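1. After the sequence you'll find the predicted model.
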Amino acid sequence: MRSSNFKNGFTLIEMLVVIAIIGILASIIVVSLSSVRAKGRNAQRSGDVSTILNAVYQYAIDNNNQIPPSITTATTSICRSGASCTGLVDFSVLTNGQKYLVSMPYDPLSTSTTDTGYTILKNTSNRVTISAPGAETGTTISVTR
């Protein structure tokens, strides 16, 4: 019987290489997941600005084609329902009685208790634009009607 001086198993170098590969793969997955989350938040923002704009025009249809009087020709942030709306566009006419909106949508990353994170303005011919300035990944989210 011959005895061997070698033991079965992995060397330190082999273990370090495997750990490094796993670390690189994990970091790639984390980066791709954050991109997917940002795209998901942008999809929510896109839906929110469309919902708000639809509510504004539903209000106009019910009120002789007059949009809510709080919309100005200056880009202004939209106020959350039930908040103090000083300096913001107050859309309580849309949320009162839940006729047009159950509640005012807000940006998924917004931490403000008063500002939705969305802006609104009208041009001289009463076309309304709602935007999501907090959009991620260089995306511009804006709807005009």
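-> Looks like it came in fine.
2. need the next SSE after the host helix or strand of Ile120, C-terminal direction.
-> Ile120 belongs to strand 115-122 when assigned by DSSP states H and E. Next helix or strand after strand 115-122 toward the C-terminus (DSSP H and E): strand 128-131.
3. Quick one: residues in contact with that next one.
-> 49, 52-53, 56-57, 67, 71, 75, 78, 118-123, 140-145 (CB atoms under 8 Å, 6 or more residues apart in numbering). C-beta: built from backbone N, CA, C; applies to glycine.
4. Identify the neighbouring strands of it in the sheet and state each direction.
-> Strand pairing for strand 128-131, using DSSP bridges, gives strand 115-122 (antiparallel), strand 142-144 (antiparallel).
5. could those go into a markdown table alongside mean neighbour count?
-> Below are the strands paired with strand 128-131 laid out as a markdown table (neighbours: other CB atoms under 10 Å):
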| stretch | mean neighbour count |
| --- | --- |
| strand 115-122 | 22 |
| strand 142-144 | 14 |
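6. Can you add mean pLDDT and give the ones you listed back as CSV?
-> Shown next, in CSV, are those (pLDDT from 0 to 100):
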stretch, mean pLDDT
strand 115-122, 96
strand 142-144, 97
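7. any chance of those strands in JSON lines, plus distance to Asp62?
-> Converted to JSON lines, these look like this (distance: least, CB to CB, whole Å):
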{"stretch": "strand 115-122", "distance to Asp62": "18"}
{"stretch": "strand 142-144", "distance to Asp62": "20"}
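8. what kind of secondary structure is Thr86 in?
-> At Thr86 the chain is in coil, as set by DSSP: H, G, I helix; E, B strand; the rest coil.
9. That one: how many residues sit nearby?
-> Thr86 has 8 neighbours, counted by other CB atoms under 10 Å.
10. And the one 5 residues further on, by the same measure?
-> As a burial measure, Phe91 scores 25 neighbours (other CB under 10 Å).
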